[in-house]
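> Sequence and predicted structure, then a few things I'm wondering about:
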Amino acid sequence: MTITGKVALVTGGGRGIGRAIALRLADDGAAIALVDTNEQNMEAVAAEIRERGRKATTFQADVSSRQQVYDAVDHAESALGGFDIMVNNAGIAQVQPLSEVTENEVSTILGVNLEGVLWGIQAAATKFQERKQPGKIINASSIAGHDGFAMLGVYCATKFAVRALTQSAAKEYASDGITVNSYCPGVVGTDMWVEIDERFAELTGAPKGATYEKFVEGIALGRAQTPEDVAGFVSYLAGPDSDYMTGQSPMIDGGLVYR
Ligand SMILES: NC(=O)c1ccc[n+]([C@@H]2O[C@H](COP(=O)([O-])OP(=O)(O)OC[C@H]3O[C@@H](n4cnc5c(N)ncnc54)[C@H](O)[C@@H]3O)[C@@H](O)[C@H]2O)c1
């Protein structure tokens with residue numbers, strides 16, 4: 001166990017990739033603070049963590065609110081007695097032709113995917129500085145942060161932005177002993193992809209499941225990614241083996257996109 005006794009906060013920890021990250025970091029030895037808009041899902045994940053013999057706490061918050069993210073970090077520290085690892089995982093997808101995107105849609109996705117990560121970086125770095133201790137900040141970008149995809153233009157823009165924030169924060173906070181990296185998954189079979197696939201079907205008339213299958217066919221390793229595949233890499237980013245890595249956003253995508 002590489003992070004025994006540390007405290008990790010995972011946003012979007014109620015399902016999908018966030019759930020897998022929370023369980024993996026618990027198995028690595030950390031106490032986990034789950035933050036999500038969905039209280040019921042979070043409670044179920046917290047119960048799974050406690051069954052594994054680790055501490056867990058939940059805090060219902062919307063990451064697009066700066067105040068709520070700061071409150072979530074304070075809660076993690078007071079409930080679990082420390083604060084060491086921040087995983088800014090919460091994100092939403094939007095499938096929409098660029099010519100049809102509305103102001104409301106743009107502000108919603110920027111609020112969660114860009115501002116949510118910014119507030120997470122800011123709140124975590126401030127807490128590490130106050131505590132005069134090193135820390136790790138880990139953000140969810142995507143292959144869509146390296147490559148543009150039709151119908152996913154604004155989502156891609158937010159994920160490119162996460163890489164920019166990651167690089168800038170890494171330089172800004174390096175002298176405090178804080179590292180900042182991102183993970184860039186490919187096609188992970190979560191509820192998010194079910195929703196993306198259904199929206200593609202609606203827009204293009206493709207049968208349900210066809211868009212997902214088309215993306216999976218492009219993966220060199222021949223299978224979709226599991227949330228646990230992503231969590232394994234996040235475990236590396238959270239642990240001591242990645243101490244000399246900062247500002248990076250590698251693609252962990254089974255060989256779908258090359259850069
Ligand atoms: N699924 C993929 O193929 C894939 C690929 C690359 C990157 N990602 C990124 O990984 C992250 C997790 O993806 P996922 O597939 O697990 O998604 P998901 O939709 O299955 O789960 C996202 C979780 O975040 C929570 N959430 C959403 N908005 C929130 C908000 N404003 N505040 C707090 N919590 C909020 C949801 O309630 C949910 O529990 C996202 O940032 C996503 O963009 C996913």
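That came in fine, so what should we check first? Numbering: from 1, shown residues only.

> center of the chain - which residue?
For the chain, the residue lying nearest the average C-alpha position, counting by CA atoms, centre = their mean, turns out to be Asn89 (1.8 Å).

> pretty sure that residue is touching Ala8, no?
No. With contact taken as CB atoms under 8 Å, Asn89 and Ala8 are classed as non-touching, separated by 10.9 Å. Glycine gets a C-beta too; all of them are placed from N, C-alpha and C.

> does Ala79 count as helix, strand or coil?
Classification of Ala79 into helix, strand or coil gives helix, according to DSSP: H, G, I helix; E, B strand; the rest coil.

> How many residues are close by the nearest residue to it once chain neighbours are set aside?
By the measure of CB to CB, 6 or more residues apart in numbering, the closest residue to Ala79 outside its immediate chain neighbours is Thr57, 4.1 Å from it. Burial measure for Thr57: 19 neighbouring residues, criterion other CB atoms under 10 Å.

> host element of Thr57?
Of the helices and strands defined by DSSP states H and E, Thr57 is found in strand 56-60.

> Tell me the strands beside that strand, with direction?
Next to strand 56-60 in the sheet, as set by DSSP bridges, lie strand 31-36 (parallel).

> right, and Met251 touches Arg163 too?
No. In this structure, Met251 sits apart from Arg163 without contact. The criterion is CB under 8 Å, and the distance is 10.7 Å.

> so what sits against both of the two?
Here Met251 and Arg163 have 146, 184 as joint contacts, going by CB atoms under 8 Å, 6 or more residues apart in numbering.

> So which residues make contact with the strand holding Thr57?
With CB under 8 Å, 6+ apart as the test, strand 56-60 has contacts from 22, 26, 31-37, 39, 42-43, 45-47, 49-50, 71-72, 75-76, 79-80.

> what do you get for stretch 112-120?
So stretch 112-120 is contacted by 11, 62-66, 69-70, 86, 88, 90-92, 137, 139-140, 155, 158-159, 161-162, 165 (CB under 8 Å, 6+ apart).

> run the last query once more with 6 Å
The contact list for stretch 112-120 (CB atoms under 6 Å, 6 or more residues apart in numbering) reads 63-64, 66, 69, 86, 88, 90-92, 139, 158, 161-162, 165.

> Likewise for stretch 18-35?
With CB under 6 Å, 6+ apart as the criterion, stretch 18-35 contacts 1-4, 6-13, 42, 45-46, 49, 52, 54-59, 61, 72, 76, 80, 87, 89, 227-228, 231, 234-235, 238.

> Out of those residues, which end up buried?
3, 6-13, 42, 45-46, 49, 54-59, 61, 72, 76, 80, 87, 89, 227, 231, 234-235, 238 (16 or more other CB atoms under 10 Å).

> from those residues, which are also near the ligand?
Residues of those in contact with the ligand (CB under 6 Å from any ligand atom): 11-12, 89.

> which among those residues gets closest to the ligand?
Of all those, Gly12 has the smallest distance to the ligand: 2.8 Å, by CB to the nearest ligand atom.

> Of the contacts of stretch 112-120, which is the nearest to the ligand?
For the ligand, the closest of these turns out to be Gly91, at 2.2 Å, with distances computed as CB to the nearest ligand atom.

> Could you count how many residues lie near the closest residue to the closest one other than its chain neighbours?
In space, and not counting its chain neighbours, Gly91 is closest to Asn113: 4.9 Å by CB to CB, 6+ apart. Asn113 sits with 29 neighbouring residues when counted by other CB under 10 Å.

> returning to that earlier point: JSON lines for the ones next to the ligand among the buried ones among the contacts of stretch 18-35, including pLDDT and secondary structure?
What follows is those, written out as JSON lines (pLDDT from 0 to 100; DSSP: H, G, I helix; E, B strand; the rest coil):
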{"residue": "Thr11", "pLDDT": "99", "secondary structure": "strand"}
{"residue": "Gly12", "pLDDT": "98", "secondary structure": "coil"}
{"residue": "Asn89", "pLDDT": "99", "secondary structure": "coil"}
